[in-house]
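> Below are the sequence and a predicted model for it; my questions follow.
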Amino acid sequence: METKVWDVRNFVDDLSTYPQVQEIITAFKQDEIIAIPTETVYGLAANALSKEAVDKIFIAKGRPQDNPLIVHIYETEQIDAFAHIPHDVVHQLMDAFWPGPISFILPLKHQVLASSVTAGLKSVAVRMPSEAIARQILRLTYMPLAAPSANTSGKPSPTTADHVKFDLDGKIYGIVEGYQVDVGIESTVLDCTTYPFRIARPGAITAGDLERVASGCITEADYQSEQPIAPGMKYRHYAPQSPMTLVSDISSLTLAPNEAIIAPESELSRFSEDMSFALSETFEDITGAMHNLYSVLREIDQRLEITRIYIADYSQISGSDALMNRINKATLGK
Ligand code: TXA
Ligand code: MG
């Protein structure tokens, strides 16, 4: 299959003026799978009501069938067709953070969604993305779109259209090419099927952010030791080709030839430029580090001469939960 690429970067303000917009909408209606930008990472989207369409996602990604997908919507009115809102606090949180980088796991209603979307669970994760292109596609198709991250299973989530091409060229119908994403790591996933709610996957929206809107609404999950609530959390996640180790004190680190360091720019002056990869400006710049993490890891995997990677530990910085969750997965806890 030749994967179409629709570069819509000059049409972000009004996608309906893009000459091939009808082709994109029609493809979704015909159960094709298409990668689209969102504010978190690029997603691989398909009509969530169609088993045929959703099956194609699992095949293209090589994704285990027991790992459910997130359903993306344009407006909250769409939820009523397939899920319950179990608590008034959920409405408050949706009002506060949507459109944006958080998914809510809600009790499933009826048999409307393709059952593979929810991997047969009685709940469904729902998200309203804020990214302009994603929002317009959701408005123009007016379909709930199931969309996991648009990477091959086991690779880092894609933050550019080129990352998607690298993984999925020839395996999917098309790619809607926008700009590099804003957030850079996947959405916070909040399990709202029991109260207080639990964070099943940490993301840019933190427990503190949620608590400020509805105090007492969150019980903190321990992502390392607990039984994973999001089935996807149990799978081996992306780890670079070369072993990667977390370093708590980079000031005492020296690099052997063929070793690389990922750290804040402010810490890198001692190291050879060729082997230094800036994750953020400073340690405090968590937003920058989340933004850059996956593209830096993908870049290093292209550098075959690198045999060992060290990565700085941001865990002392407040708000670093989601970043450290992804780093710990990539280092396999080393
Ligand atoms: O930012 C994001 O969430 C991106 C963009 C494209 O929206 N999507 C994304 O999807 O990261 P994916 O499939 O890579 O991750 C979905 C996560 C998985 O860990 C999955 O197990 C969990 O959400 N999940 C989905 N439905 C669930 C459910 N009903 N119960 C528990 N966990 C669920
Ligand atoms: Mg994913």
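Cool, got the structure. Residues are numbered from 1 along each chain as shown. Ligands and ions are numbered 1, 2, ... in the order given.
> any idea where the strands of the stretch 1-150 of the chain begin and end?
Under the criterion DSSP state E, counting those that start in this stretch, strands of the stretch 1-150 of the chain are mapped to 4-7, 34-36, 43-47, 70-72, 102-107, 123-127, 145-146.
> meant to ask about the stretch 151-300 of the chain, not that
For the stretch 151-300 of the chain, the strands defined by DSSP E, counting those that start in this stretch cover 174-177, 188-191, 197-201, 218-219, 244-247, 259-264, 276-280.
> among the ones you listed, which gets the worst mean confidence?
Lowest mean pLDDT of the strands of the stretch 151-300 of the chain: strand 218-219, a mean of 92.
> before we move on, back to that, mind putting the strands of the stretch 151-300 of the chain in a markdown table, mean neighbour count and distance to Ser315 included?
Every C-beta, even on glycine, is put in place using the N, C-alpha and C of the backbone. Listed next are the strands of the stretch 151-300 of the chain as a markdown table, based on neighbours: other C-beta atoms under 10 Å; distance: least, C-beta to C-beta, whole Å:
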| stretch | mean neighbour count | distance to Ser315 |
| --- | --- | --- |
| strand 174-177 | 23 | 35 |
| strand 188-191 | 24 | 18 |
| strand 197-201 | 23 | 17 |
| strand 218-219 | 16 | 20 |
| strand 244-247 | 16 | 9 |
| strand 259-264 | 22 | 14 |
| strand 276-280 | 22 | 14 |
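> can you list those in TSV and add distance to Gln78?
Below are the strands of the stretch 151-300 of the chain laid out as TSV (distance: least, C-beta to C-beta, whole Å):
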stretch	distance to Gln78
strand 174-177	20
strand 188-191	18
strand 197-201	21
strand 218-219	25
strand 244-247	41
strand 259-264	40
strand 276-280	36
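> of all those, which lies closest to Leu210?
strand 218-219 (5.3 Å; C-beta to C-beta).
> Pretty sure Lys247 sits against Ile309.
No, residue 247 isn't Lys; it's Val. No - assessed by C-beta atoms under 8 Å, Val247 is found out of contact with Ile309, at 10.2 Å.
> How about Glu267: what's its closest non-neighbour residue?
In space, and not counting its chain neighbours, Glu267 is closest to Ile250: 5.3 Å by C-beta to C-beta, 6 or more residues apart in numbering.
> Check Glu32 too.
Leaving aside its chain neighbours, Glu32 sits nearest to Tyr173 (3.8 Å; criterion: C-beta to C-beta, 6+ apart).
> Counting neighbours, what do you get for the one you found?
20 (other C-beta atoms under 10 Å).
> who touches it in this structure?
Taking C-beta atoms under 8 Å, 6 or more residues apart in numbering, we find Tyr173 in contact with 1, 3-4, 27, 32-34.
> which of the residues you listed lies closest to Thr118?
Ile33 (17.6 Å).
> can you tell me which residues contact that closest one?
Ile33 neighbours (C-beta under 8 Å, 6+ apart): 44-46, 53, 56-57, 60, 172-173.
> next one: Phe283
For Phe283, the contacting residues are 264, 266-267, 312, 314, 316-317, by C-beta under 8 Å, 6+ apart.
> Which pLDDT value goes with it?
So, for Phe283, pLDDT stands at 98.
> Kindly report the same for the one 4 residues further on.
What the model reports for Thr287 is a pLDDT of 98.
> Please apply the same query to Asp222.
Looking at Asp222, its pLDDT stands at 58.
> What is the burial count for the closest residue to Gln136 other than its chain neighbours?
The shortest distance from Gln136 to any non-neighbouring residue, by C-beta to C-beta, 6+ apart, is to Leu15 (4.0 Å). Neighbours of Leu15 under the rule other C-beta under 10 Å: 20.
> just Lys4 next, same as before
When counting by other C-beta under 10 Å, one arrives at 16 neighbours for Lys4.
> how about low-confidence regions in the stretch 51-200 of the chain?
Of all residues in the stretch 51-200 of the chain, none has pLDDT under 70.
> quick one, helices of it?
Secondary structure of the stretch 51-200 of the chain, counting by DSSP state H, counting those that start in this stretch: helices at 51-61, 88-97, 132-141, 161-168.
> any idea how far the residue in the stretch 51-200 of the chain that ligand 1 sits nearest to is from Ser248?
Ligand 1 sits closest to Pro148 of the stretch 51-200 of the chain, with a gap of 2.9 Å, by C-beta to the nearest ligand atom. Separation of Pro148 from Ser248 (C-beta to C-beta, to the nearest Å): 33 Å.
> got it, and Leu293?
For Leu293, the distance to Ser248 - C-beta to C-beta - is 18 Å.
> and the contacts of Tyr173 as TSV, adding pLDDT and distance to Ala83?
What follows is the contacts of Tyr173, written out as TSV (pLDDT from 0 to 100; distance: C-beta to C-beta, whole Å):
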residue	pLDDT	distance to Ala83
Met1	92	33
Thr3	98	32
Lys4	98	32
Ala27	98	26
Glu32	98	25
Ile33	98	22
Ile34	99	24
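> In helices, which of those residues fall?
Using DSSP state H, the members of the contacts of Tyr173 that fall within helices are Ala27.
> Which one of the contacts of Tyr173 sits in the busiest neighbourhood?
With neighbours taken as other C-beta under 10 Å, the top of those is Ile33, carrying 28 neighbours.
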